[in-house]
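**Q** Quick check, what structure comes out for this input:
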Amino acid sequence: MAYPTKLLGEGETIEFEMHPHWRGLIAPVIWLLFTVFIGVWLYSSLGSWSWSADGIIETIGRPAIIILGLFIIIFWVIRPFLYWITTQYVFTNRRIITRAGVISKKGRDMPLAKVNNVSFEVGVLGRVLNYGRLEITSASDENLVIEDVPNVEVIQRDVYRLHEQDDDRRRRRSTEQGGDPVPPGDGT
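**A** You can find the predicted model right below:
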């Protein structure tokens, strides 16, 4: 699901966009396989148990297995998948955009002009699977922290590149309008 270009400003282009790292889908897939395997086994073997009292366990047990299986699939498989697919990290030539949410949405934008520092943190599993945590320090707002960023080191480098390009664009615009050039790193 691509970020809608109608939400971009004039002259703003998407440089790259991504979802959180795919490792966020590992647990839902394990829950799906576990639920299907155990559910099918319980459902099919329920009537063959020697202690089932004249079909009462079978009558109550099969609907209970189905209801429990659906509960697990909805809350531990479908919900995390929907969260993963609706979470977007968008980097444009002017700002960094985060959006998340299935029914209600939350988002945050940070202009590249306000970026002071970009750092990352990669844990042991992150080194193996190539993901990490990106923290972008702003000149005036609170920090923007993005979890589960794929190729976090490359993204950090690209954010610096985009920041420099945005500074150059603002300096050129300022000198074209007859003003003094904007000093590097100034957010105006």
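
**Q** How about R99: what's its closest non-neighbour residue?
**A** The shortest distance from R99 to any non-neighbouring residue, by CB to CB, 6 or more residues apart in numbering, is to G107 (4.3 Å). Using the backbone N, CA and C atoms, a C-beta is placed for each residue, glycine as well.

**Q** Also S119?
**A** If you skip the residues right next to it in sequence, S119 has E135 as its closest partner in space, 5.0 Å away by CB to CB, 6+ apart.

**Q** who are the neighbours in contact with the one you found?
**A** Applying CB atoms under 8 Å, 6 or more residues apart in numbering, one finds that E135 lies in contact with V118, S119, F120, E121, N143, L144, V145, I146.

**Q** Swap in 6 Å and give it another go.
**A** E135 makes contacts with S119, N143, V145, as judged by CB atoms under 6 Å, 6 or more residues apart in numbering.

**Q** So which of those residues are in strands?
**A** Using DSSP state E, the subset of these located in strands is S119, V145.

**Q** What subset of the contacts of E135 is buried?
**A** Burial by neighbour count, 16 or more other CB atoms under 10 Å: within those this picks out no residue.

**Q** element containing the residue nearest to S119?
**A** strand 131-138 (DSSP states H and E).

**Q** That strand pairs with which strands, and in what direction?
**A** Sheet pairing for strand 131-138, assigned by DSSP bridges, gives strand 115-121 (antiparallel), strand 144-150 (antiparallel).

**Q** Please work out which of those is packed deepest.
**A** When you average the neighbours per residue for each of those (mean count of other CB atoms under 10 Å), strand 144-150 leads with a mean of 18.

**Q** coming back round to it: name whatever forms a beta bridge with the residue nearest to S119.
**A** Beta-bridge pairing for E135 (DSSP bridges): S119, V145.

**Q** Tell me how far it lies from V152.
**A** In this structure, E135 and V152 are 10 Å apart, going by CB to CB, to the nearest Å.
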